[in-house]
Every structure is written in structure tokens, then in C-alpha cells.
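Participant: sequence below, structure please.
(one chain, ligands or ions: 1)
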Amino acid sequence: MATAEFIPYSAYREFPEDEMIRRSEEFYELVNRRRTVRTFSDRNVDRIIIEKAIHAAGTAPSGANMQPWNFIAVSSPEIKSKIRIAAEQEEKEFYANKAPKEWLDALAPLGTDDKKPFLERAPWLIAVFAEKYGKLEDGRSVKHYYVQESVGIATGILLTALHAAGLATLTHTPSPMNFLNEILNRSENERPYLLIVTGFPDENTTIPDVHRKKLHEISQFIV
Ligand code: IYR
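Facilitator: As a prediction, the model looks like this:
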């Protein structure tokens, strides 16, 4: 393929250093208020907010700019109910038989179990799909690169965008998630990556008192 036309990067914005520091602190404070919640209110959330957050997710960098993601946003009670039934079936098997003891022990502090009422109660579920390869209109397929990395970055932006808009989120990973292909009519090149539950936290929502690693535990600077 030929080189794309190159245009000036006029969208770039530079800030004075003191403002850069302030902005980096403010961003940290914003994202540090994000917590996973598992109890959602049934209060409606305007579709435009979900659309914008997905639009933001789509700005993620991706291998060879293939943008190998697809976001299916579901508010239909019928489809949410189908997803809950299928997910709970998988989770029942997970908690009762499939999960090794070590995994169950690691999950114990979070208090999760096989009941997933939030899949029906929250106003929106966003199923994130990773496209293993792309499909052209004429039926030919296009190779995708670094699909996991690309979709992971996009999903991070999606969660951050939803949080910044004032919504609570839950990253839910029923395993296996193939039922999502069936319920959501996805084609064979799409692999379910993650299910994001979003809406307002229910009144009296509590969160586990767990802590984030300190900066020095997650980074070393070599200067
Ligand atoms: N998918 C199960 C189990 C689960 C696994 C991990 I790793 C978590 O961080 C949380 C839950 C469930 O959703 O309950």
C-alpha cells in the first residue's frame, strides 16, 4: 500500500510546565476515584454518553492502525436478560467446578459469586469484541496485528471515558464468553474480549477496602 498523505499535527496542544504538572495531578485524581462496583442502580443513562465514550475508545492506537475492535452497547432488557442467563450458567460452573482453589482464594476479598443481577439491572452493557482479522466488503480478509494490545488500550480508554463522564463501571469476564457471539450475532472473526457493565452505582454501594500499589512498587526510574 502507498504511504498516506502526511498533514500537520495541528491538534497537538502544548502547555506551560506548571500547567502540565497540574493537569497530570488532576488526571491522576480523576482516575484514582474510579473503583469497580458490582451493585448498580436501574436508573437510565442517556445513550449519547455511551456513544461518546465508545467514540473516545476508538481513538486508541492500534497495530498498523487496523482498529481491530467492535463495541456492542446493549440496553435492551430482553438481550440483557439473555446475557445474564448465559453468564450465570458459565459462572456457576466456574465457581463450583472449574476454578482452582488458588483462584477462588484470590477472588475471596472481592466477594464475587455466580450471581450476576447487575447484568439485568444496570442500564448498559458494552460487549467489547476483538477482531482477529478484518473483513472487507468483497469478502476478503485483512490481517490484524497486536489485537490484544490494541483492544486492551481501547478498553482502558473506554473505562476511563465512562468514569470521567460520571458513570460507574464493572469489567466482567465470564469465561468462556462465546455465548456473546451468539446472543449478539457477531461473526466468526470477532472474539469476545470483555463485558463492561455501566450505569450509576446503587444507593449504599460498598466497595472492598483494597489498595492500589504505590508508585515505587509499580515503577523504577533509570536516569
Ligand atoms: N468471572 C468470574 C470470576 C472473576 C475472576 C476475576 I480474575 C475477577 O477479578 C473477578 C471475578 C466473575 O465474574 O465472577
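
Participant: from residue 201, how far out is residue 136?
Facilitator: For residue 136, the distance to residue 201 equals 42 Å [CB to CB, to the nearest Å]. In short, each C-beta sits where N, CA and C put it, glycine included.

Participant: so who does the closest residue to the ligand within the chain touch?
Facilitator: Nearest to the ligand in the chain, going by CB to the nearest ligand atom, is residue 112, at a distance of 4.0 Å. Neighbouring residues of residue 112 by CB atoms under 8 Å, 6 or more residues apart in numbering: residue 38.

Participant: from residue 82, how far off is it?
Facilitator: Separation of residue 112 from residue 82 (CB to CB): 21 Å.

Participant: do residue 31 as well
Facilitator: Residue 31 is 33 Å from residue 82, by CB to CB.

Participant: more crowded one of these two?
Facilitator: residue 82 (19 against 13; other CB atoms under 10 Å).

Participant: excluding its backbone neighbours, what's nearest that one?
Facilitator: Excluding the flanking residues, the one nearest residue 82 by CB to CB, 6 or more residues apart in numbering is residue 183, at 5.0 Å.

Participant: contacting residues for the one you found?
Facilitator: So residue 183 contacts 79, 82-83, 86 (CB under 8 Å, 6+ apart).

Participant: strand partners of the one helix or strand residue 127 maps to, parallel vs antiparallel please.
Facilitator: Following DSSP states H and E, one finds residue 127 within strand 124-131. Strand partners for strand 124-131, identified by DSSP bridges, are recorded as strand 69-74 (antiparallel), strand 190-199 (antiparallel).

Participant: residue 117: which of those is closest?
Facilitator: Distance to residue 117, taken as CB to CB, is lowest for strand 190-199 among the strands paired with strand 124-131, at 10.6 Å.
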